[in-house]
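> Output the structure for:
(2 chains)
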Amino acid sequence: MSDPAVNGISTKPRDVQRTPPGEDAEDIIICRDVHKWFGELHVLTGISITIKHGEVLVIAGPSGSGKSTWIRTINRLEEHQRGDIIVDGIELSNDIRNIAAIRSEIGMVFQSFNLFPHLTVLQNVTLGPIRVRKVRREEAEEAAMQLLNRVGIPEQARKYPAQLSGGQQQRVAIARALAMQPKIMLFDEPTSALDPEMISEVLDVMRELAESGMTMLVVTHEMGFAKAAADRMVFFDDGNIVEEGTPEQIFENPQHDRTKLFLSQILTH
Amino acid sequence: MTTITPPQGQAEIQPPSSEVGVVGWLHHNLFYSKVSVVTTIVLSVLLLAAIWLLLQWVFTGARWGVVTENMRLFLVGQYPKDEIWRLWLTLALLSVTTGLSAGSSKSGAVRMLAMMVMAGQVLLAIMVLISGMGLVGALVLLLNADIVWVAMYAAQRRPIRRLWISLGWLATTVATVALIAGLGEATPLPNVSSTIWGGLLLTILLSVVGILLSFPFGVALAVGRRSNLPVVRFIATTYIELVRAVPLITILFMAQFLFPLILPDGIRIENVIRAMGGIVMFSAAYVAENVRGGLQAVPTGQHEAAFSIGLRTWQTTVFIVLPQALRITIPANVGLFISLLKDTTLVYIISLLDILGIGRAVLANPDYLGATFEVYLFVAMVFFVLSYTLSQASYRLEKELGIGER
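You can find the predicted model right below:
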């Protein structure tokens, strides 16, 4: 990533009270006993986990086990009702300034891309920097072109999302998130909506991003990516983490029955 | 392993004549079965007979005197003869601004609007010639039509910045009001009371003001109805539901008879302005509901993506949600505006003489007894031209904005 100071972009949100880092200054995300209910349904049942700077965490588990909901609580797309979430020293509370500050440090990539269909690729990528970070248009466009180069589609800058393939759209979505110079990237099943031929082009970009030292939380069923890029894996079931370890530990020596079953089903194909 | 060799020379076989060209079209659309052959022939005969009878009446039977002799009334109502130049000057200003906008804009819809302003003035010139309002007026209108062209070409060479175009429209609006209504007795532009505006002039003024003001008002109401603030939501919802529960006629009546009663002494608002207010109030509620439908059609993923790049709620609405919602609602809103255009004829009940009102007034004259059909056909043609223009411009806009559609 380019040096923030070069672009004149401050990544330090102002007016936000930072709680002193908990146990370790290296921790960038701290979740303590996070609960969430959808009405009567208890979907997150007390998640506690700490994620370090630069760590790549892959989150696996069956559908409906709460993995997407959990990463969506981290940038407040879903509200948690109990427990603490602390991102880069900022506590996620109902204070709108805290939410804005945390969102400005977190980029997110969705399963269904969610590009803005009425804007060109370039406008999609520059909108955040121009409107939120108040970067000048020329600078934002230059930075955006660099990012589009990085994800391998500079020639599509003037097109509209609908004119791109799924894989290209997802790479634009990654560029759009990176344009805000986030410290953390959340990926919510980024390849689940893609044709098999396009999955690898997106995973390649993600792997390159992981190697560059970005902190990443990735919900995915792509076990190849997990093996190659993850520092740590967690396995979700019934709204909580049931198993945690390095990819090798999880794949070669799963402890929990649910993990064993899941892996046997997903790896036999 | 077997490879399949495509058969040679297939490409040279032509499709049968029943599938392509004029014959193909006729075959597929008009004569594709026994029933379709009979239907086509019967309907064609009936249609041709109807057209023949209508044309015969138009050219030999009809007494067009009722329209031609009253053309000035149909166009401008009682607007004083000596002040009519102000209307032509207004149109000249509009021509310049429209032409410059069209030339500076990449949008085909704006260019089409310019074409329509041009064609409209040519039509108007013909009507002015018929009306006996003088050759000068007609010539000025034809000249205006050329001005649109010239301005468009000039601006295409050197596009004008959006800011200046916006200021230009603001100035044109102010000038239009000053020219049509007047500045005061001692000035070169003496007041022309709105009570004597009439005919096509009044119809167009009511429609344009109605459309231009009800649109932003309606959008604000729609956004308000989806606001997180309960008070805002309550006010917007109540307004929309109340207004939609009342017919336009009732609102016009209230604007006419009740509204003056609640005004403090000494303040009078002219009839036409009150009618405009009523139309705007009424139309805005419907715009709001159309737009609300559009807002709901924008997927939640769009909000989430906007939030995740750090946009605030208002920014998400302005930059992400509204542009998509308004695009979806173009057909519905244009439909609404076409019906607004036709609903302006209701102002006759508060004794304003729009083009239909003038028609009724003319028919009340014993000289023109029995010319009902001529008058209504003429008025209908005028409304058709205006409505059709609106709908064509909207199709153009839809197509153009369709580029980025999913």
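> pLDDT below threshold where in the stretch 101-250 of chain B?
For the stretch 101-250 of chain B, no stretch has pLDDT under 70.
> For stretch B:227-239, buried residues please.
B:Ala236, B:Tyr239 (16 or more other CB atoms under 10 Å in any protein chain shown). Backbone N, C-alpha and C define where each C-beta goes, glycine included.
> How about the residues of chain A by chain B?
A:75-77, A:100, A:103-104, A:106-108, A:110, A:112, A:114-120, A:127-128, A:131-133, A:160-162, A:173, A:176-177, A:179-180 (CB under 8 Å from any CB of the partner chain).
> just the buried members of those residues?
Applying 16+ other CB under 10 Å to the residues of chain A next to chain B, the neighbour count classes A:75-77, A:100, A:103-104, A:106-108, A:110, A:112, A:114-120, A:127-128, A:131-133, A:160-161, A:173, A:176-177, A:179-180 as buried.
> could you measure B:Ile330 against chain A, distance?
13 Å (CB to the nearest CB, to the nearest Å).
> ok, that residue - contacts?
Taking CB atoms under 8 Å, 6 or more residues apart in numbering or on different chains, we find B:Ile330 in contact with B:Ser394, B:Leu397, B:Glu398, B:Leu401.
> what's the burial count for the nearest residue to B:Ile279 once chain neighbours are set aside?
Spatially, and ignoring its direct neighbours in sequence, B:Ile279 is nearest to B:Gly210 (4.2 Å; CB to CB, 6 or more residues apart in numbering or on different chains). A total of 25 residues lie near B:Gly210 under the criterion other CB atoms under 10 Å in any protein chain shown.
> how about B:Gly210, secondary structure?
Assigned by DSSP: H, G, I helix; E, B strand; the rest coil, the conformation of B:Gly210 is helix.
> roughly how far apart are it and chain A?
27 Å.
> Take the buried ones among the residues of chain A next to chain B and keep only those in strands.
A:Ile106, A:Gly107, A:Met108 (DSSP state E).
> Turn those residues into a markdown table, columns for distance to B:Glu185 and pLDDT.
Output for these, formatted as a markdown table (distance: CB to CB, whole Å; pLDDT from 0 to 100):
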| residue | distance to B:Glu185 | pLDDT |
| --- | --- | --- |
| A:Ile106 | 67 | 95 |
| A:Gly107 | 66 | 95 |
| A:Met108 | 66 | 96 |
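> tally of neighbours for A:Ala144?
27.
> That one is in contact with A:Thr126, isn't it?
Yes - with contact defined as CB atoms under 8 Å, A:Ala144 reaches A:Thr126; the gap is 4.9 Å.
> export the contacts of B:Ile330 to CSV and tack on secondary structure?
Output for the contacts of B:Ile330, formatted as CSV (three-state DSSP):
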residue, secondary structure
B:Ser394, helix
B:Leu397, helix
B:Glu398, helix
B:Leu401, helix
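> Considering only those, which also neighbour chain A?
Filtering the contacts of B:Ile330 for proximity to chain A (criterion: CB under 8 Å from any CB) leaves B:Leu401.
> pLDDT and distance to B:Gly370 for the contacts of B:Ile330 - can I get that in a markdown table?
Formatted as a markdown table, the contacts of B:Ile330 follow (pLDDT from 0 to 100; distance: CB to CB, whole Å):
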| residue | pLDDT | distance to B:Gly370 |
| --- | --- | --- |
| B:Ser394 | 85 | 39 |
| B:Leu397 | 82 | 43 |
| B:Glu398 | 82 | 44 |
| B:Leu401 | 77 | 49 |
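> and the contacts of B:Ile330, which two are the farthest apart?
B:Ser394 and B:Leu401 (10.5 Å; CB to CB).
> could you point out which element follows the host helix or strand of B:Ala325?
According to DSSP states H and E, B:Ala325 maps onto helix B:322-328. Using DSSP H and E, the helix or strand that follows helix B:322-328 in sequence is helix B:330-343.
> how much distance is there from that following helix to the middle of the chain?
Distance, stretch centre to chain centre, for helix B:330-343: 8 Å (CA atoms, centre = their mean, to the nearest Å).
> What are the buried residues along that helix?
Those would be B:Ile330, B:Ala332, B:Asn333, B:Val334, B:Gly335, B:Leu336, B:Phe337, B:Ile338, B:Leu340, B:Leu341, B:Asp343, for helix B:330-343 by 16+ other CB under 10 Å.
> got a markdown table for those, with pLDDT too?
Below are these laid out as a markdown table (pLDDT from 0 to 100):
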| residue | pLDDT |
| --- | --- |
| B:Ile330 | 89 |
| B:Ala332 | 92 |
| B:Asn333 | 93 |
| B:Val334 | 91 |
| B:Gly335 | 92 |
| B:Leu336 | 95 |
| B:Phe337 | 94 |
| B:Ile338 | 94 |
| B:Leu340 | 95 |
| B:Leu341 | 94 |
| B:Asp343 | 94 |
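> Among these, which one sits closest to chain A?
Chain A has its nearest neighbour among those in B:Ile330, at 12.7 Å by CB to the nearest CB.
> What's the separation between A:Gly39 and chain B?
A:Gly39 sits 18 Å away from chain B, going by CB to the nearest CB.
> still on that earlier bit, can you tell if the helix holding B:Ala325 touches chain A?
Yes - contact of helix B:322-328 with chain A (CB under 8 Å from any CB) involves B:Pro323, B:Gln324, B:Arg327.
> before we move on, back to that, which residues are common contacts for A:Ala144 and A:Thr126?
A:Ala179.
> where does chain A have low pLDDT?
A:1-25, A:269.
> Return the distance of the residue nearest in space to the middle of it relative to A:Thr246.
The centre of chain A sits closest to A:Leu186, judged by CA atoms, centre = their mean, with a distance of 0.6 Å. In this view, A:Leu186 and A:Thr246 are 21 Å apart by CB to CB, to the nearest Å.
> Which residue ranges of the stretch 51-200 of chain B form helices?
All helices of the stretch 51-200 of chain B, identified by DSSP state H, counting those that start in this stretch, fall at B:65-68, B:71-76, B:84-104, B:108-131, B:135-157, B:162-181, B:199-225.
> my bad, chain A
A:67-74, A:96-105, A:121-131, A:137-150, A:166-178, A:196-211, A:223-229, A:247-252, A:257-267 (DSSP state H).
> and A:Leu217, which of those helices is closest to it?
Closest to A:Leu217 of the helices of chain A is helix A:67-74 (CB to CB; 5.3 Å).
> quick one: the closest one to chain centroid distance?
The answer for helix A:67-74 is 10 Å, by CA atoms, centre = their mean.
> Tell me the residue of the stretch 151-300 of chain B that sits nearest chain A?
As assessed by CB to the nearest CB, chain A sits closest to B:Pro299 within the stretch 151-300 of chain B, at 7.8 Å.
> contacting residues around that residue?
By CB under 8 Å, 6+ apart, the contact list for B:Pro299 reads A:Asn114.
> Quickly note the distance from it to A:Phe116.
B:Pro299 sits 11 Å away from A:Phe116, going by CB to CB.
> Residue of the stretch 151-269 of chain A closest to chain B, please.
A:Tyr160 (3.5 Å).
> Isn't that residue up against A:Gln123?
No - here A:Tyr160 does not reach A:Gln123: they are 9.3 Å apart, not a contact under CB under 8 Å.
> where do the helices sit along the stretch 251-400 of chain B?
In the stretch 251-400 of chain B, the segments counted as helices under DSSP H, counting those that start in this stretch are B:259-262, B:271-297, B:300-308, B:313-315, B:322-328, B:330-343, B:355-363, B:372-401.
> So A:Leu57 sits against A:Met214, correct?
No - A:Leu57 is beyond contact range of A:Met214, at 11.6 Å (criterion: CB under 8 Å).
> Need the pLDDT of B:Ile403.
We have a pLDDT of 51 for B:Ile403.
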